[in-house]
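Trainee: take a look and give me a structure for this.
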Amino acid sequence: MGPMFLPEPTTAIWKESSSGFYEKWQFPNCIGSIDGKHVTIKCPDNSGSRNFCYLKKFSLVLMAIVDPDYKFICVDVGGYSRNSDGGILEESAMCKRLEAGTLNVPKGVPLPEQIENTPMVLIGDEAFTLKTYLMKPFPRRQSRNNTRLDTYNYRLCRARRVVENAFDILSKKWRVYKGPIELKEDTTIKIILATCILHNYLRVKNCDIRDVELMMISQ
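Mentor: Model prediction:
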């Protein structure tokens with residue numbers, strides 16, 4: 001099911017995601033929302049502190065890019081949770097391919113009512129490093145007295161929330177996320193990948209539409 005419901009992202013997939021972010025969340029040139037989820041695990045043998053995170057628990061990190069319909073476009077599982085989300089992204093194969101330009105990201109297009117091409121970007125929170133392909137909010141001290149920056153932050157944070165909602169739906173749907181996963185790391189990574197694929201399957205089939213509606217109401 002992986003090649004069908006979590007395939008290698010193509011230029012067409014990124015463009016479809018970008019169109020959705022503009023139509024649904026009024027954020028142009030956005031190809032995906034990115035964030036990391038800490039999946040609680042039993043302390044691995046001889047792991048030291050590499051899997052001990054700021055939440056005071058042992059975990060593996062699911063780093064994911066999500067489209068505007070709460071589907072996973074690209075995932076990287078197994079990052080050491082002692083690192084920040086930004087640090088985990090920097091070490092991931094996903095980031096290396098973005099840096100090398102080998103992840104089929106489409107070329108930039110003009111923003112609405114503009115003529116100069118602007119890069120396609122991911123959107124993330126303050127934990128990530130600002131890059132040509134990744135945007136994050138302006139610091140509060142800059143935006144609080146600037147209407148344009150404040151509006152930008154609002155639009156970005158509203159669109160970025162789809163990745164958090166996708167993680168919430170994933171955790172609610174699969175009970176394996178309710179407590180520590182007491183399996184070997186390799187097995188745990190396979191389970192996380194399997195749930196991401198099944199999550200996309202349910203989204204494509206509209207089997208969990210009620211979960212999304214509840215998420216939207218709670219916001």
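Trainee: from now on I want contacts and neighbour counts done on CA atoms only, so please keep to that.
Mentor: Noted.
Trainee: now the closest residue to residue 75 other than its chain neighbours, what's its secondary structure?
Mentor: Spatial nearest neighbour of residue 75, chain neighbours left out: residue 64 (4.4 Å); criterion: C-alpha to C-alpha, 6 or more residues apart in numbering. Three-state assignment for residue 64 (DSSP: H, G, I helix; E, B strand; the rest coil): strand.
Trainee: got it, and the one 4 residues further on?
Mentor: Following three-state DSSP, the label given to residue 68 is coil.
Trainee: and the longest strand for the chain?
Mentor: Longest among the strand segments of the chain by residue count, using DSSP state E, is strand 30-40.
Trainee: what bridges to the spatially most central residue of the chain?
Mentor: Geometric centre of the chain, nearest residue: residue 34, 2.8 Å, by C-alpha atoms, centre = their mean. Per DSSP bridges, the residues bridged to residue 34 are residue 65.
Trainee: circling back to that earlier point, average pLDDT across the longest strand of the chain?
Mentor: Confidence over strand 30-40, taken as the mean pLDDT, stands at 95.
Trainee: mind checking how far residue 150 is from residue 103?
Mentor: 31 Å (C-alpha to C-alpha, to the nearest Å).
Trainee: same check on residue 202?
Mentor: Distance from residue 202 to residue 103, by C-alpha to C-alpha: 25 Å.
Trainee: which of those two has more residues huddled nearby?
Mentor: Shown here are residue 202 and residue 103; by other C-alpha atoms under 10 Å, residue 103 has more neighbours (18 against 15).
Trainee: tell me how many other residues crowd the residue nearest to that one when sequence neighbours are not counted.
Mentor: Nearest residue to residue 103, sequence neighbours excluded (C-alpha to C-alpha, 6+ apart): residue 97, at 5.6 Å. Number of residues near residue 97 (other C-alpha under 10 Å) recorded here: 13.
Trainee: residue 151: what secondary structure?
Mentor: Under three-state DSSP, the three-state class of residue 151 is helix.
Trainee: in the chain, which spans are strands?
Mentor: Counting by DSSP E, the strands of the chain are 30-40, 59-66, 72-80, 109-110, 117-118, 121-123, 134-135.
Trainee: need those in a markdown table with distance to residue 89, can you?
Mentor: Formatted as a markdown table, the entries for these read as follows, by distance: least, C-alpha to C-alpha, whole Å:
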| stretch | distance to residue 89 |
| --- | --- |
| strand 30-40 | 9 |
| strand 59-66 | 7 |
| strand 72-80 | 8 |
| strand 109-110 | 25 |
| strand 117-118 | 23 |
| strand 121-123 | 12 |
| strand 134-135 | 11 |
